[in-house]
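[1] next input, structure requested:
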Amino acid sequence: MLWPILIFALIQVGVAASVGLRTDGRVARLEAELARDPAKLRADEHARVTTVNRAFAATEGVWIALWLTGAGLALFGGRATLFATGLGLLVEASAMLTLDLAAHRRSRAYAEAIERSG
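    All right, here's what the predicted structure looks like:
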């Protein structure tokens, strides 16, 4: 039952690496756009962060559904395999929901700052 957790972990490491590797270039592009056309940057960033916030809301719903599935399997699954799968889902969904809630909170604060600056 280790494989599902390893697959989740590999996907998450890949996503984190992708975001991390793109960050410096993204910051440079944003700074250049801010110097050229602040109003366009605000409009573009507001549209982008609105999409990101919608995605966070959907993803949080998925983590909650997986958490509930894990709880159900752990409590009512009966077999050891289902119990272990349920615990794995509980741990994974709890961690990811916590991280996504924190990121979503930062994203909403960023969206509010963009709105105030315009």
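[2] low-confidence ranges in the protein?
    Residue ranges of the chain with pLDDT under 70: 1.
[3] show me the contacts for the residue nearest to the spatial centre of the chain.
    What sits nearest the mean C-alpha location of the chain, by C-alpha atoms, centre = their mean, is residue 100, with 4.3 Å. The neighbourhood of residue 100, defined by C-beta atoms under 8 Å, 6 or more residues apart in numbering, consists of 56, 59, 60, 63. Where you see a C-beta, it was placed from the backbone N, CA and C, and this is true even at glycine.
[4] top of the residues you listed by neighbour count?
    Neighbour counts for the contacts of residue 100, by other C-beta atoms under 10 Å, peak at residue 63, which reaches 20 neighbours.
[5] quickly find the element holding residue 49.
    Using DSSP states H and E, residue 49 falls within helix 38-76.
[6] how far does that helix sit from the chain's center?
    6 Å (C-alpha atoms, centre = their mean, to the nearest Å).
[7] which parts of it are buried?
    41-42, 45-46, 49, 52, 56, 63, 66-67, 70, 73-74 (16 or more other C-beta atoms under 10 Å).
[8] how many neighbours does residue 17 have?
    When neighbours are defined as other C-beta under 10 Å, residue 17 has 10 of them.
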